[in-house]
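Q: Mind folding the following:
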Amino acid sequence: MNEFPVDRRQALVTLSAMAMGGSALAQSRPADAFPSKPIQLVLPFPPGGSMDPIFRTLAEAASKDLGQPVVLMHKPGAGGVMGTAALASMPESDGYTIAVMHNSVIRAPLVQKVNFDPLKDFTYLIGLFNLTTGICVAADAPWQTLGDLLADAKKRPGAISWGTVGAISINRIVAERLAKMAGTSFNMVPFKGGSEAFTALIGRHLDVYGDPGFGAQVRGGKARLLATFTQEPLKGYPGVPTVKASGFDITIDSPMGLVAPKNLPPAMAAKLAAAFRKASADAAHQAQLESFDMQPNLMTGEAYAAYARTAYERDAKMLKDIGFKPD
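A: This is a model prediction of the structure:
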């Protein structure tokens with residue numbers, strides 16, 4: 001005989017309540033404790049160049065707020081697409097692997113066969129800054145203006161080399177557009193990253209390079225900036241026109257930000273976004289943005305995801321209009 005009889009229904013109710021409370025506690029605990037170990041930030045570009053110091057200072061600043069190291073991991077490949085795209089194949093998102101997102105990743109399905117959907121397979125965390133793209137030649141190159149370069153290119157179609165960082169990179173696409181509008185063509189030469197391309201440019205192994213990160217080379221007197229793909233002239237480069245003002249209606253709208261794999265719990269996404277938003281104001285990070293002429297452009301995760309949808313539709317139309325085909 002049971003010495004202490006218990007109302008079974010009451011026992012079931014009590015056990016059920018305990019189970020529900022335990023479940024709720026288990027669900028809240030990861031978000032409350034997050035992060036409890038280092039976070040890996042995938043940078044889909046090789047070491048060197050402009051993106052390395054920009055995101056390294058950002059990671060260091062975010063580490064202070066999160067209380068855990070944010071470790072920068074270089075995973076280059078496919079013009080900066082491969083490292084970020086790898087997150088799309090992760091079975092779940094726990095917040096400990098995030099990546100740099102940029103427009104080549106968003107554009108990838110439009111120009112090649114890929115196994116990911118940039119609009120569905122990522123959690124957009126935050127938009128950070130806009131790339132500032134300019135057309136550079138070596139300081140001792142014969143072309144003083146964009147007009148000089150294009151006039152020479154028209155005389156020698158395909159003879160002038162233009163460096164790119166991938167078949168679907170924006171610098172390749174706008175170079176093709178510019179050449180087509182000017183009635184000529186360039187010899188497109190691929191490089192692994194901006195650092196390698198600028199080294200070739202300064203050594204006169206490459207004629208033209210049109211990409212972000214030109215500031216240090218131009219201010220150091222090693223490269224000449226002919227024009228920029230910005231809406232307005234850059235204040236730090238008096239006398240350098242925009243490509244649009246030079247008669248070619250081409251501008252580049254290319255923000256960069258951070259994403260995680262899809263289905264990241266909202267509380268974790270919010271914590272990461274808040275930490276990187278705060279880190280974006282860090283003095284060392286701001287100095288790197290200024291050094292490479294990047295323009296701050298903070299967006300919420302929702303706004304960045306909306307931008308990605310708009311950019312995808314815009315680029316689909318643009319690529320169709322110019323008949324762009326990668327090699």
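
Q: got the contact list for stretch 139-157?
A: With contacts defined as CB atoms under 8 Å, 6 or more residues apart in numbering, stretch 139-157 is touched by 135, 137, 159-160, 178-179, 182-186, 202, 204, 207-208, 221-224, 226-227, 241, 243, 246. Quick note: C-beta positions are derived from backbone N, CA and C, even for glycine.

Q: Kindly give a single PyMOL line that selects the buried subset of those residues.
A: Of the contacts of stretch 139-157, the buried ones can be selected in PyMOL as follows, counting by 16 or more other CB atoms under 10 Å:
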select buried, resi 135+137+160+178+179+182+184+185+186+202+207+208+222+223+224+226+227+241+243+246
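
Q: from the contacts of stretch 139-157, which ones fall inside strands?
A: 135, 137, 208, 223, 224, 226, 227 (DSSP state E).

Q: So in terms of bridging, what pairs with the fourth one?
A: Partner residues in beta bridges with residue 223, using DSSP bridges, are residue 138.

Q: List the contacts of it.
A: Residue 223 neighbours (CB under 8 Å, 6+ apart): 136, 137, 138, 139, 198, 201, 202, 214, 217.

Q: So, low pLDDT: which residues of the stretch 201-327 of the chain?
A: Along the stretch 201-327 of the chain, segments meeting pLDDT under 70 span 326-327.

Q: which residues in it form helices?
A: Ranges of helices within the stretch 201-327 of the chain are 215-219, 266-279, 283-291, 301-322, based on DSSP state H, counting those that start in this stretch.

Q: would a markdown table of the ones you listed with mean neighbour count and distance to residue 152 be doable?
A: Below are these laid out as a markdown table (neighbours: other CB atoms under 10 Å; distance: least, CB to CB, whole Å):
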| stretch | mean neighbour count | distance to residue 152 |
| --- | --- | --- |
| helix 215-219 | 18 | 21 |
| helix 266-279 | 19 | 44 |
| helix 283-291 | 16 | 31 |
| helix 301-322 | 15 | 23 |
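
Q: Go through the ones you listed and name the closest to residue 75.
A: Shortest distance between residue 75 and the helices of the stretch 201-327 of the chain, using CB to CB, is found for helix 266-279: 18.9 Å.

Q: Give the other helices and strands that the closest one contacts.
A: Judged by 3 or more CB pairs under 8 Å, 6 or more residues apart in numbering; DSSP states H and E, the packing partners of helix 266-279 are helix 8-33, helix 51-66, strand 122-130, strand 255-261.

Q: between it and strand 255-261, how big is the angle?
A: 150 degrees (axes from the mean of the first three to the mean of the last three CA atoms, to 10 degrees).

Q: so where's the stretch 1-150 of the chain uncertain?
A: In the stretch 1-150 of the chain (pLDDT under 70), the answer is 1-32.

Q: one step back: make CSV out of the helices of the stretch 201-327 of the chain and add distance to residue 38.
A: Converted to CSV, those look like this (distance: least, CB to CB, whole Å):
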stretch, distance to residue 38
helix 215-219, 30
helix 266-279, 13
helix 283-291, 19
helix 301-322, 22
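
Q: So for residue 256, which of the ones you listed sits nearest?
A: Closest approach to residue 256 among those is made by helix 301-322 (9.8 Å; CB to CB).

Q: Just the CA trace of the closest one, in PDB.
A: Output in PDB follows, covering the C-alpha atoms of helix 301-322 (Å, rounded to 0.1, in the frame of the first residue of the first chain):
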ATOM      1  CA  GLY A 301      18.900  43.200 -41.100                       C
ATOM      2  CA  GLU A 302      15.400  43.600 -42.500                       C
ATOM      3  CA  ALA A 303      16.400  46.600 -44.600                       C
ATOM      4  CA  TYR A 304      19.500  44.800 -45.900                       C
ATOM      5  CA  ALA A 305      17.400  41.800 -46.800                       C
ATOM      6  CA  ALA A 306      15.000  44.100 -48.700                       C
ATOM      7  CA  TYR A 307      17.900  45.700 -50.500                       C
ATOM      8  CA  ALA A 308      19.100  42.200 -51.500                       C
ATOM      9  CA  ARG A 309      15.800  41.500 -53.200                       C
ATOM     10  CA  THR A 310      15.800  44.900 -55.000                       C
ATOM     11  CA  ALA A 311      19.400  44.400 -56.100                       C
ATOM     12  CA  TYR A 312      18.700  40.900 -57.400                       C
ATOM     13  CA  GLU A 313      15.800  42.200 -59.600                       C
ATOM     14  CA  ARG A 314      17.800  45.200 -60.700                       C
ATOM     15  CA  ASP A 315      20.900  43.100 -61.700                       C
ATOM     16  CA  ALA A 316      18.800  40.600 -63.500                       C
ATOM     17  CA  LYS A 317      17.500  43.300 -65.800                       C
ATOM     18  CA  MET A 318      20.900  45.000 -66.200                       C
ATOM     19  CA  LEU A 319      22.600  41.700 -67.100                       C
ATOM     20  CA  LYS A 320      19.900  40.900 -69.600                       C
ATOM     21  CA  ASP A 321      20.100  44.400 -71.200                       C
ATOM     22  CA  ILE A 322      23.900  44.200 -71.700                       C
END
